[in-house]
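**Student:** the sequence and its predicted three-dimensional model are supplied below.
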Amino acid sequence: MTALPVTSSPQTDAMTMNTAPANYQRFTPLQRAARYLVYVIMLASLFASLRTVEVIPEFLYDAPTQMADMFERMWPLDVAAYPGTIHQALMETLNIATLGTLLCLILAVLLALLNARNVMPSRIVNWLAQTCLVTSRSVNSLVWALLFVAIFGPGTIAGVLAVALRSVGFVGKLLAEALEEINMGSIEALKATGASMPSILVKGYWPQVVPAFFSIVLFRWDINVRESAVLGLVGAGGIGVVLNDAMNLFQWQLVATILVSILVVVLLAEWVVVRVRKKLI
């Protein structure tokens with residue numbers, strides 16, 4: 001028997017062309033060019049920054065030797081100075097962080113309510129509240145401390161106000177986002193019964209944001225404990241004042257003791273925040 005020749009039809013040729021692998025490209029030529037342009041800009045920015053910083057090679061090569069010499073000067077720790085010099089300053093730092101956090105809640109809660117669109121429907125009020133929150137977050141706590149030291153003079157009140165105004169933007173922003181993410185069913189039910197706005201806030205909004213509220217406040221207090229430790233460098237009270245004096249007098253053993261004390265307080269604050277958060281949430 002002779003085999004019949006295999007003939008192809010136009011339909012078979014079309015199916016073969018459709019099943020052929022396509023030349024897939026993840027990015028278009030324009031997108032690839034844009035990515036390469038970003039890489040070039042990043043490299044150019046890096047080289048421009050290095051030229052602006054003006055790194056001195058001699059100081060850079062000598063840094064390990066200088067660090068080793070400093071660590072030798074810091075040992076042993078001046079533990080005897082803790083009761084009379086460091087302890088009171090550490091307690092003052094904790095007081096600054098705590099009072100600043102509590103004081104910030106007055107403005108933060110108000111601005112959060114005005115910033116949340118499901119609480120305050122006015123776009124103008126939302127924008128004004130958001131501007132206040134952004135302003136608070138954009139200014140560093142050291143800058144706030146310098147401002148209040150110039151107004152009230154050196155001391156703890158400048159540190160408390162600096163911590164409070166720096167924390168307003170953080171707490172208010174996160175609390176506003178938590179308010180906007182709640183379930184509006186209970187809110188609409190309360191409005192349908194003719195409940196007043198304070199009742200809606202207490203019975204509708206507050207129960208749903210309690211976990212987020214305590215998490216935000218505890219987390220911010222933990223951050224404020226760390227920031228309060230350096231506010232004394234500009235005269236705003238706390239352990240930073242003692243640290244600045246010790247560094248200016250080249251008392252490196254006392255400096256090491258202060259740094260270790262700050263580290264221990266920060267770790268204890270972290271442990272307290274975790275334990276309290278587990279109890280409350």
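**Tutor:** Noted; the coordinates are in hand.

**Student:** so which residues of this protein form helices?
**Tutor:** 10-19, 29-53, 57-74, 87-115, 123-138, 141-152, 156-180, 185-192, 197-200, 206-231, 239-248, 252-280 (DSSP state H).

**Student:** and A81, which of the ones you listed is closest to it?
**Tutor:** Minimum separation from A81 across the helices of the chain (C-beta to C-beta) falls at helix 252-280, 5.4 Å. Glycine gets a C-beta too; all of them are placed from N, C-alpha and C.

**Student:** which strands and helices sit next to that closest one?
**Tutor:** helix 57-74, helix 87-115, helix 206-231, helix 239-248 (3 or more C-beta pairs under 8 Å, 6 or more residues apart in numbering; DSSP states H and E).

**Student:** hmm, back to that, and among the helices of the chain, the most buried is which?
**Tutor:** A comparison of these by mean neighbour count, using mean count of other C-beta atoms under 10 Å, puts helix 156-180 on top with a mean of 24.

**Student:** helices and strands around it, which ones?
**Tutor:** helix 87-115, helix 123-138, helix 141-152, helix 206-231.

**Student:** could I get the ones you listed as a markdown table with mean pLDDT?
**Tutor:** Output for the helices and strands packed on helix 156-180, formatted as a markdown table (pLDDT from 0 to 100):
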| stretch | mean pLDDT |
| --- | --- |
| helix 87-115 | 87 |
| helix 123-138 | 86 |
| helix 141-152 | 85 |
| helix 206-231 | 83 |
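
**Student:** got those as a markdown table, with distance to F27 columns?
**Tutor:** Formatted as a markdown table, the helices and strands packed on helix 156-180 follow (distance: least, C-beta to C-beta, whole Å):
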| stretch | distance to F27 |
| --- | --- |
| helix 87-115 | 38 |
| helix 123-138 | 35 |
| helix 141-152 | 42 |
| helix 206-231 | 39 |
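
**Student:** out of the helices of the chain, flag the one nearest A80.
**Tutor:** helix 252-280 (9.1 Å).

**Student:** which stretch among the helices and strands packed on helix 252-280 comes nearest A189?
**Tutor:** Ranking these by proximity to A189 (C-beta to C-beta) places helix 206-231 first, at 13.0 Å.

**Student:** chain center to the closest one, what's the gap?
**Tutor:** From the chain centre to the centre of helix 206-231 is a distance of 11 Å (C-alpha atoms, centre = their mean, to the nearest Å).

**Student:** how about the nearest residue to L90, chain neighbours excluded?
**Tutor:** I239 (5.4 Å; C-beta to C-beta, 6 or more residues apart in numbering).

**Student:** isn't that neighbour up against Q88?
**Tutor:** No: between I239 and Q88 there is no contact under C-beta atoms under 8 Å: 9.4 Å.

**Student:** next, D78: phi, psi?
**Tutor:** phi -90, psi 70 (degrees, to the nearest 10).

**Student:** would you mind measuring from it to E72?
**Tutor:** Distance, D78 to E72, using C-beta to C-beta, to the nearest Å: 14 Å.

**Student:** how about A189?
**Tutor:** Distance, A189 to E72, by C-beta to C-beta: 70 Å.

**Student:** now swap in A164 and tell me
**Tutor:** Distance from A164 to E72, by C-beta to C-beta: 41 Å.

**Student:** also F214?
**Tutor:** With distances taken as C-beta to C-beta, F214 is found 46 Å from E72.

**Student:** pLDDT weak spots in this structure?
**Tutor:** Flagging of the chain using pLDDT under 70 yields the residue ranges 1-24, 55, 58, 281.
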